[in-house]
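> next one to model:
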Amino acid sequence: MSAPVGPEPATIICPTCNKQVITSVDYTSSTKTHLIALLLCVIGFWPCACCLYCTKCARNAAHRCPSCNSFIGVYER
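Below you'll find the predicted structure:
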């Protein structure tokens, strides 16, 4: 079961190890990110398409417990 989380690290009590932690976040590109980048390339804004992969604004945020490394949840953009 995943917990509701946002785009930034969150303070939670891990459901697996029962410790209060600040989640570690891994930002990953999604299918939506790739489609927006493709669209930007097609209309001629390829520099903007590259920026999608360098910033957090267009990528999903997967949260994990830093103590036991269990999956907490994902914030999808």
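> centroid-nearest residue for the protein?
Ala61 (1.4 Å; Cα atoms, centre = their mean).
> surely that one is in contact with Ser29?
No. At 11.6 Å, Ala61 does not count as touching Ser29 under the criterion of Cβ atoms under 8 Å. (Glycine included, C-beta is placed from N, CA and C.)
> tell me the phi and psi of the residue nearest to the centre of the chain?
phi -110, psi 110 (degrees, to the nearest 10).
> tell me the helix or strand right after the top helix by length along the chain.
If you go by DSSP state H, the chain has its longest helix at helix 31-42. Once helix 31-42 ends, the next helix or strand along the chain (criterion: DSSP states H and E) is helix 46-54.
> pLDDT weak spots in this structure?
1-3 (pLDDT under 70).
> run a quick neighbour tally on Val25.
20 (other Cβ atoms under 10 Å).
> doesn't it belong to a strand?
Yes. Val25: assigned to a strand according to DSSP: H, G, I helix; E, B strand; the rest coil.
> quick check: it touching Ala62?
Yes. Contact criterion Cβ under 8 Å: Val25 and Ala62 qualify, at 6.9 Å.
> need the three-state assignment for Asn69.
Taking three-state DSSP, the label given to Asn69 is coil.
> roughly how far does it sit from Ala62?
12 Å (Cβ to Cβ, to the nearest Å).
> quick one, which of those two is more surrounded?
Using other Cβ under 10 Å as the criterion, Asn69 and Ala62 rank with Ala62 on top: 19 against 11.
> how far off centre is the host helix or strand of that one?
Assigned by DSSP H and E, Ala62 falls within strand 60-64. Relative to the centre of its chain, strand 60-64 is centred 4 Å away, using Cα atoms, centre = their mean, to the nearest Å.
> all numbers from here: first residue = 693
Noted, 693 is the first residue going forward, which turns the last one into strand 752-756.
> got the end-to-end distance for stretch 734-754?
The first and last residues of stretch 734-754 sit 29 Å apart, counting by Cα to Cα, to the nearest Å.
> what about stretch 760-768, start to end distance?
23 Å.
> which residues touch that stretch?
694-699, 704, 706-709, 711, 715, 722, 752-757 (Cβ atoms under 8 Å, 6 or more residues apart in numbering).
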